[in-house]
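Peer 1: Predicted model follows, preceded by the sequence.
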Amino acid sequence: MKKQLIKNIFSVSGVQLANYILPLITIPYVVRVIGPANYGLINFAQAFVGYFALLINYGFELTATREIARNKEDRGVLSDIFWMILSAKVILFIFSTIIFAGSLLYFQKLQIDPRLYVLSYLCNIGLVFFPTWFFQGIEELSKMAIFNLIIKLIFTVLIFMLIHQSSDYYFYPVCLFIGQIAVGFFALWYAVKLKHLSLPNFKMAGIIKVLREGAVVFITTVVINIYTLSNIVLLGFIASDMEVGYFSSAYKLISIIMAITITPITQTLYPHLGGLFSNSSMSKSEKSYILLRVSLVMGVLMLLVSMAIYIVAPLVVTLLFGKNYSPAISSLRIMSFLPFIIGLSNVFGLQGMLNLSLDKEFFMITAMGATLCIILNFILIPYYSQIGTSTAWLATELFITLATLIVLQYHGYEILTKNNFVRMIENRHW
């Protein structure tokens, strides 16, 4: 079992690594050609339209995936679910487009370069037609990974073809849009052919049911993601595009590192621990002991990663982004502690609380964290700009980590106890 678990982690890591090597090729080129201010502008635009992406996706990666998995052997039911989800996403896209159009008219910052925001928003069309939730449900993750890799390949080639000077920054969302649309429609066609789905039969009652049943998950998804998006959005509204550029460069690097390290462990461990904890005969002390072992392994690995980032931050920023991005070193060093903190938060929150059916408590902690992050951004950005945003994110993740540990303790899952540590040392479980 342990060998299979490790194999799965490294398999997912390989896919993640392949998907993030290409951005590591394009980012150094783009940031040097378009400059910090324009790089900050396109990242602000992406973060802003990210709010609408949350609405369009509506948490279907969780709810639709679950329904597809339950009915993947029944072609009739599978077809109905497929077309209902797709129809719901089209309706949500239309609704979000109306809100987006109103935002363009309301916010003065968006009126400075409306073309960039429109082009960035059009990338959401790809989210409508790329059936990620379908491939997850039928357990064809390799196909989904290949499609995502093709999108990044198209994006990478177009970046080097179209962006040659600072004024070409608006081609960045164009490159992304072309890749997502081309592969999105092909993936949709492939999904229909793969499972021989019947022709669409649109039922408004079914679409409304899908939206109603997914409302709670949607709200939870928004809360979980909103504060990471708001970091860049609030920085863009309160500070300058240059500051957004510095923060975004450090943020992208941290995100890539966490995607390669934490995400594979998360995806592999979650169902594994879920199966273990579903055993009704397993005591709370035994579950607590397992969480301690996982948290120590995760903590040690991610602490090493965080220390490495902190040490090499000046060198990495200079090599990847150039000397013009030297202010990003401070942000990167502050955020270098995030892999360690988020790694532990992942164990206590996602792996622990959700697998122990403490969903409501986890939602409340995340909601409080999101509120705290937004408040800290409003307080710190006017005085410290990108440093303030970096600090706000770090403080938020630290709060969430401590809160999840305290709540687990409150519900009887005493993880950090002397008995657990003694038992682990005696059994040499590391």
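Peer 2: Alright, I've got the coordinates. Residues are numbered from 1 along each chain as shown.
Peer 1: From the opening residue of stretch 192-199 to its closing one, how far?
Peer 2: 9 Å (Cα to Cα, to the nearest Å).
Peer 1: List the buried residues in that stretch.
Peer 2: Within stretch 192-199, the residues that count as buried by 16 or more other Cβ atoms under 10 Å are 192, 195, 197. Just so you know, the C-beta spots here come from the backbone N, C-alpha and C atoms, and that holds for glycine as well.
Peer 1: Mind checking which of these are in helices?
Peer 2: Judged by DSSP state H, the subset of the buried residues of stretch 192-199 located in helices is Val192.
Peer 1: The buried residues of stretch 192-199 into JSON lines, with extra columns for distance to Gly179 and pLDDT?
Peer 2: Shown next, in JSON lines, are these (distance: Cβ to Cβ, whole Å; pLDDT from 0 to 100):
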{"residue": "Val192", "distance to Gly179": "21", "pLDDT": "85"}
{"residue": "Lys195", "distance to Gly179": "25", "pLDDT": "77"}
{"residue": "Leu197", "distance to Gly179": "25", "pLDDT": "78"}
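Peer 1: Show me where the stretch 51-200 of the chain has its strands.
Peer 2: In order along the chain, the stretch 51-200 of the chain carries no strands (DSSP state E, counting those that start in this stretch).
Peer 1: just the stretch 301-430 of the chain next, same as before
Peer 2: Using DSSP E, counting those that start in this stretch, strands in the stretch 301-430 of the chain do not occur.
Peer 1: quick one: the helices in it?
Peer 2: Ranges of helices in the stretch 301-430 of the chain, per DSSP state H, counting those that start in this stretch, are 328-335, 338-345, 359-410, 418-427.
Peer 1: closest to Gly236 among the buried residues of stretch 192-199?
Peer 2: Nearest to Gly236 out of the buried residues of stretch 192-199 is Val192 (Cβ to Cβ; 39.5 Å).
Peer 1: In TSV: the helices of the stretch 301-430 of the chain, plus distance to Gly102 and mean neighbour count.
Peer 2: As requested, the helices of the stretch 301-430 of the chain are exported to TSV (distance: least, Cβ to Cβ, whole Å; neighbours: other Cβ atoms under 10 Å):
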stretch	distance to Gly102	mean neighbour count
helix 328-335	33	23
helix 338-345	34	24
helix 359-410	22	19
helix 418-427	54	12
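Peer 1: Compare the mean pLDDT across those helices and name the weakest.
Peer 2: Lowest mean pLDDT within those: helix 418-427, at a mean of 76.
Peer 1: Let me have the helices of the stretch 301-430 of the chain in TSV, extended by distance to Ile265.
Peer 2: Formatted as TSV, those follow (distance: least, Cβ to Cβ, whole Å):
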stretch	distance to Ile265
helix 328-335	19
helix 338-345	8
helix 359-410	16
helix 418-427	19
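Peer 1: Ok, which of the ones you listed comes nearest Ser230?
Peer 2: Comparing those by Cβ to Cβ, helix 359-410 comes nearest, at 5.6 Å.
Peer 1: just checking, what packs against that closest one?
Peer 2: If contacts are counted by 3 or more Cβ pairs under 8 Å, 6 or more residues apart in numbering; DSSP states H and E, helix 359-410 sits against helix 215-238, helix 241-277, helix 328-335, helix 338-345.
Peer 1: Closest one to Ala182 out of the buried residues of stretch 192-199, please.
Peer 2: Nearest to Ala182 among the buried residues of stretch 192-199, with distances taken as Cβ to Cβ, is Val192, at 16.7 Å.
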